[in-house]
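1. Need a 3D model of the following:
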Amino acid sequence: MNAEVLSPAGALPPARRIARSAARGWRRLRAQHKAMAGGAIVLAFVLAALFAPWLAPYAPTEQNFIDAMQAPSWAHPLGTDSFGQDILSRTLYGARSALWIGFGSVALGLLAGVTIGLIAGLRGGRVEWALMRLTDGLLAFPELIMAMAFMAVLGLGLGNVVLALALSFVGPFARTVRADVLQVKARPFIEAARLMGVPEREVILRHVLPNVAAPILIQAGMRTSIAILLASGLSFLGLGVVPPTPDWGLMIAEGRGFVSMAPWMSGMPGLALALLLVGLNLLAEGLRDALDPRASHGGQA
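-> Alright, predicted model coming up:
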């Protein structure tokens, strides 16, 4: 008889267990219509950003003052701005900036926050106290205020926006991971693994991280939409991306003075921003419903 059939699930190779967990998660996610709709919207924006050089009819920074503030037409499907730049081209390239900021800042904040949360939850004592006081300091200010403060120190630019938002996300990720690690650490199988002499690294990789991965993914999905919204807000205030870089926040700010004469200048990038945020939020809610056991069972214990 095949020994693999008789072996417990925990005895399977890590790659095999990860593949099984991923397959189960995908089946649950596929059953969530919100997640599929949101994923389709996000995928459309990702493809638009990737193929922007081929989809954009003009260079995003090409100016033609003769065509300034033209209404949508065959030559310019979404119209032009006050500098004669094609809004469709700038909107497509602006998706690159938005997605890069959203995914990049969340990835950096996730990496630092998970590390801090794991160390605090597993070590305890003075190490936990020191790390949590650092986290409390980061959580003491609203994310937008925190990002504005870091931008004032780091300076303007796309890369600095990513770093500023990543720093503002470290606290929430660290707090969430630490709470989940404390719950997992108290379970009997963790104590059993340690009594059997399993190295600390293996305990973390095989038992702790897989059990806290779902809340991390859910929060990462939600934070991505927050990051894009905050980045647009910073650019709108003049504290984010530097002109003439295509950015939706900059485009909305540039068009606000011409709303009565040329509403498409701020309306088109605003619509793109709203659609992307809706897609990300739907995807995050679908992830939560698929990965949270209490949500998948209607909130029952």
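
2. switch to C-alpha atoms for all contacts and neighbour counts from now on
-> Noted.

3. Which residue is the nearest non-sequential neighbour of Leu154?
-> Take Leu154 and drop its neighbours on the chain: the residue closest to it by CA to CA, 6 or more residues apart in numbering is Asn160, 6.2 Å away.

4. Kindly apply the preceding question to Leu275 instead.
-> Ile41 (7.5 Å).

5. Name the single longest helix found in this structure.
-> helix 87-123 (DSSP state H).

6. re earlier: tell me how far the residue nearest to Leu154 lies from Phe65.
-> For Asn160, the distance to Phe65 equals 31 Å [CA to CA, to the nearest Å].

7. more crowded one of these two?
-> Using other CA atoms under 10 Å, the more surrounded residue of Asn160 and Phe65 is Asn160, with 21 against 13.

8. just checking, the more buried one is part of a helix?
-> Yes - using DSSP: H, G, I helix; E, B strand; the rest coil, the assignment for Asn160 is a helix.

9. what sits against the most centrally placed residue in the chain?
-> Closest to where the C-alpha atoms of the chain average out (CA atoms, centre = their mean) is Thr224, at 2.2 Å. Residues near Thr224 by CA atoms under 8 Å, 6 or more residues apart in numbering: 102-103, 106, 280.

10. same deal with Ile119?
-> Ile119 neighbours (CA under 8 Å, 6+ apart): 127-128.

11. same thing but at 6 Å, please
-> With contacts defined as CA atoms under 6 Å, 6 or more residues apart in numbering, Ile119 has no neighbours.

12. I'd like to know which elements the helix or strand hosting Val184 is packed against.
-> Assessed by DSSP states H and E, Val184 sits inside helix 158-185. Secondary-structure packing of helix 158-185 (3 or more CA pairs under 6 Å, 6 or more residues apart in numbering; DSSP states H and E): helix 87-123, helix 125-139, helix 143-154.

13. could you redo the last one with a cut-off of 8 Å?
-> Judged by 3 or more CA pairs under 8 Å, 6 or more residues apart in numbering; DSSP states H and E, helix 158-185 is in contact with helix 87-123, helix 125-139, helix 143-154, helix 209-236.

14. just to revisit the earlier point, might one say that the residue nearest to Leu154 is in contact with Ala152?
-> No - using CA atoms under 8 Å, Asn160 is not in contact with Ala152, being 10.0 Å away.

15. How many neighbouring residues does Ala193 have?
-> 15.

16. That one is in what secondary structure piece?
-> helix 188-195.

17. Name the next helix or strand downstream of that helix, please.
-> Next in sequence after helix 188-195, counting helices and strands by DSSP H and E, comes helix 200-203.

18. Quick one: distance of that following helix to the chain centre.
-> Between the centre of helix 200-203 and the centre of its chain there are 28 Å (CA atoms, centre = their mean, to the nearest Å).

19. Would you mark the buried spots in it?
-> By 16 or more other CA atoms under 10 Å, the buried positions in helix 200-203 come out as Val203.
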